[in-house]
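Engineer: sequence? don't have it. structure:
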């Protein structure tokens, strides 16, 4: 196996909760991310799914250095970037770029499209010498499927889908190797989502990009991802190749999540088993002991409150080579097909 | 028929011109039936609902034509105080964003109880008891203790349950739910949709479910009305439409859902963008984006063709579309 382009180990982000104005004392912490490990290879797409508050966006922010991790490593091509500063950090950041969720708030309304896409060149002038920039920006507009003549327009003159293309062009400006896309299509209309997904797909093969693709729409994640990680309350509870996760999930949370997704086929209504979870996600300030999913899990037993399940191939599948043999953090992992069987491949 | 909307037309007068948000909408809902209104933003699905409820901002909105028959009466001919008696008591609405739809400075008990005080003339004490009962009904744990809590003290799913409780309070005959689960996570969405479906069965209410999610529609709807640029382009029983759509827009939406066997391939995408409502294209509004468009589509507005039992399509070439 080739070395991964990105390696994340034991990543933790805790936001302290303080009390008192003059003498601040820490009374607890919001454990947004609480021990996340994964790797990303060149040209690969890793999808991260999970409900709001599970920490998926915080992971994204740490990868592009918008947040400093409390603990843990983020290795880019073998080098830990969490300790870097100054010049070294700047040059690494060039290679990991982000596409944001909301194309309405992530573009400065007072800047022209050309200035927005070209701004990264002010910070990294080595990528494009001054005289070259306009041409480069126009090329980028063309690459993302916008008319290069729009370079002097302002964001409000574009639709949501077009703005997201502008955001993507900005992400591409520095020729990064990794793109972190945090819910890049969820703010878009259904008929426009497919266009943007196709664009991301095309750009990946054109520029050999690696994607960390964060979304809550499970069918879109499956379409675009090679591997998928499922997050719950700050941790990855199950991770594997897309078919392993979707067709052979072994973690009860993944099973519940998949079964809750409405299937766009009225015929499936009658003969599908739905796992309806009770209650809400616990607060990240007060994470349950042992397995963090146990308060909503129908399989929970005493052991689950005592022992934290490790993210590894469960013992019962360790000696098989079947699709159930992938990492799952559950003491009582068992394979269960929850999505109506469809022909694979 | 519980509710019949006939040829409804709504426009908004803005500084930049007149936006034609609803251009002749017809749909009907029976007691106990779920009609899903499917459409993208700007398709007019919410504006139609607001016109039915009588909560359209006027001005800038203006109803320029049509009628809304509710249990035989034309709501558009009622006076405002008569309309107010219908609203809440006979038809109620559930909004997408529970946090901004609930009053942040009143306890949920007061907000739920208000319905009974205003419409039924109950005492505050009785109304409070009713509020607890309702919160139990929508399965909010420890309702008796939580009735004094404020909206921000509840989670998103619980807030949406309070919205549902409020809509159900006076046992209306019709509920309009405008994207009731869009702001919720999927596991919570499943809980809320199940609750809504169960209560609907129990009270035999008509339900208009406004959504853009083809999955939710397939799960709960009896019939679907697909809206585009202020018109219903196709209306059909739910099974028929997923099996064989009779309008190219519906077909495009269904085709753009990622399917397993398409992994690694390009997704089907409807080209272009939804039209600006101030400049709706002549002829069929969908023609600039339609793969089947011909000359007639650019000049003639397609009428609603009967394409089957309780099934209509606004496409000149519906037979072609229906046959794939």
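Structural biologist: Thanks, I have it. Values in this document were obtained by computation on a predicted structure and should not be read as measured data.

Engineer: run through the helices of chain A in chain order.
Structural biologist: A:56-63, A:86-93, A:113-123, A:133-143, A:160-172, A:190-207, A:218-224, A:242-247, A:252-260, A:302-306 (DSSP state H).

Engineer: relative to residue B:35, which of those helices is closest?
Structural biologist: Across these, residue B:35 has its closest neighbour in helix A:190-207 (19.0 Å, C-beta to C-beta). (Glycine included, C-beta is placed from N, CA and C.)

Engineer: which parts of that closest one are buried?
Structural biologist: By neighbour count on 16 or more other C-beta atoms under 10 Å in any protein chain shown, the buried set for helix A:190-207 is A:190-201, A:203-204.

Engineer: which ones are touching residue B:319?
Structural biologist: residue B:307 (C-beta atoms under 8 Å, 6 or more residues apart in numbering or on different chains).

Engineer: again but with residue B:104, I slipped
Structural biologist: B:150, B:151, B:152.

Engineer: one more: residue B:200?
Structural biologist: By C-beta under 8 Å, 6+ apart, the contact list for residue B:200 reads B:32, B:34, B:175, B:207.

Engineer: where's the closest residue to the last one other than its chain neighbours relative to residue B:53, distance?
Structural biologist: It refers to residue B:207. Residue nearest to residue B:207 in three dimensions, not counting chain neighbours: residue B:34, with 4.5 Å by C-beta to C-beta, 6 or more residues apart in numbering or on different chains. Here residue B:34 is placed at a distance of 17 Å from residue B:53 (C-beta to C-beta, to the nearest Å).

Engineer: about what we covered before: list just the nearest of the contacts of residue B:104 to chain A.
Structural biologist: In terms of C-beta to the nearest C-beta, no member of the contacts of residue B:104 lies closer to chain A than residue B:152, at 14.0 Å.

Engineer: could you verify my assumption that that closest one touches residue B:98?
Structural biologist: No - contact criterion C-beta atoms under 8 Å: residue B:152 and residue B:98 do not qualify, at 10.8 Å.

Engineer: who has more neighbours, these two?
Structural biologist: residue B:98 (23 against 9; other C-beta atoms under 10 Å in any protein chain shown).

Engineer: residue B:272: what's its closest spatial neighbour, skipping adjacent residues?
Structural biologist: The shortest distance from residue B:272 to any non-neighbouring residue, by C-beta to C-beta, 6+ apart, is to residue B:289 (4.2 Å).

Engineer: could I get the phi/psi values of that neighbour?
Structural biologist: phi -110, psi 0 (degrees, to the nearest 10).

Engineer: thought it was touching residue B:281?
Structural biologist: No - using C-beta under 8 Å, residue B:289 makes no contact with residue B:281, being 9.3 Å away.

Engineer: near chain B, which residues of the stretch 201-345 of chain A?
Structural biologist: Proximity of the stretch 201-345 of chain A to chain B, by C-beta under 8 Å from any C-beta of the partner chain, involves residues A:201-202, A:216, A:218-220, A:222-223, A:242, A:256-257, A:259-269, A:274, A:276-277, A:280-281, A:342-345.

Engineer: for PyMOL, write the select line for the buried members of those.
Structural biologist: Remark: buried members of those, expressed as a PyMOL selection using 16+ other C-beta under 10 Å:
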select buried, chain A and resi 201+216+218+219+220+222+223+242+256+257+259+260+261+262+263+264+265+266+268+277+280+281
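
Engineer: what residues are bridge-paired with the residue nearest to the spatial centre of chain A?
Structural biologist: Central residue of chain A (C-alpha atoms, centre = their mean): residue A:214, 2.7 Å from the mean position. Per DSSP bridges, the residues bridged to residue A:214 are residue A:48, residue A:182.

Engineer: any weak-confidence spans in the stretch 151-300 of chain B?
Structural biologist: For the stretch 151-300 of chain B, applying pLDDT under 70 flags the ranges B:260-261.

Engineer: residues contacting the residue in it that chain A sits nearest to?
Structural biologist: For the stretch 151-300 of chain B and chain A, the shortest gap (C-beta to the nearest C-beta) falls at residue B:215, measuring 3.1 Å. Residues in contact with residue B:215 (C-beta under 8 Å, 6+ apart) are A:261, A:262, A:263, A:264.

Engineer: one more time with 6 Å
Structural biologist: With contact set as C-beta atoms under 6 Å, 6 or more residues apart in numbering or on different chains, residue B:215 has these partners: A:262, A:263, A:264.

Engineer: before we move on, the earlier item: which one's more surrounded, residue B:289 and residue B:281?
Structural biologist: A side-by-side neighbour count of residue B:289 and residue B:281, using other C-beta under 10 Å, places residue B:289 first with 19 against 15.

Engineer: now do the contacts for the closest residue to residue A:184 other than its chain neighbours.
Structural biologist: Counting by C-beta to C-beta, 6+ apart, residue A:184 lies nearest to residue A:99, which is 4.9 Å off, once chain neighbours are set aside. For residue A:99, the contact set (C-beta under 6 Å, 6+ apart) comprises A:167, A:168, A:171, A:181, A:184.

Engineer: quick check: residue A:99 vs chain B, distance?
Structural biologist: Going from residue A:99 to chain B by C-beta to the nearest C-beta, to the nearest Å gives 18 Å.

Engineer: okay, and the beta partners of that residue?
Structural biologist: Applying DSSP bridges, one finds that residue A:99 bridges with residue A:181.

Engineer: what's the pLDDT at it?
Structural biologist: Looking at residue A:99, its pLDDT is 91.

Engineer: ranges for the strands of the stretch 1-150 of chain B?
Structural biologist: Ranges of strands in the stretch 1-150 of chain B, per DSSP state E, counting those that start in this stretch, are B:3-14, B:17-29, B:34-38, B:61-70, B:73-74, B:91-94.

Engineer: hang on, the earlier thing: who has more neighbours, residue B:34 and residue B:53?
Structural biologist: Between residue B:34 and residue B:53, counting by other C-beta under 10 Å, residue B:34 is the more crowded of the two (23 against 20).

Engineer: residue B:211 versus that one, what's the distance?
Structural biologist: From residue B:34 over to residue B:211 (counting by C-beta to C-beta), the distance is 11 Å.

Engineer: can you check residue A:13 too?
Structural biologist: 34 Å.

Engineer: that older thread, wait, what's in contact with the residue nearest to residue B:207?
Structural biologist: B:207, B:209, B:220, B:221, B:222.

Engineer: quick check: residues of the stretch 1-150 of chain A near chain B?
Structural biologist: A:51, A:52 (C-beta under 6 Å from any C-beta of the partner chain).

Engineer: nearest to chain B: which residue in the stretch 1-150 of chain A?
Structural biologist: Closest point on the stretch 1-150 of chain A to chain B, by C-beta to the nearest C-beta, is residue A:51, at 3.8 Å.
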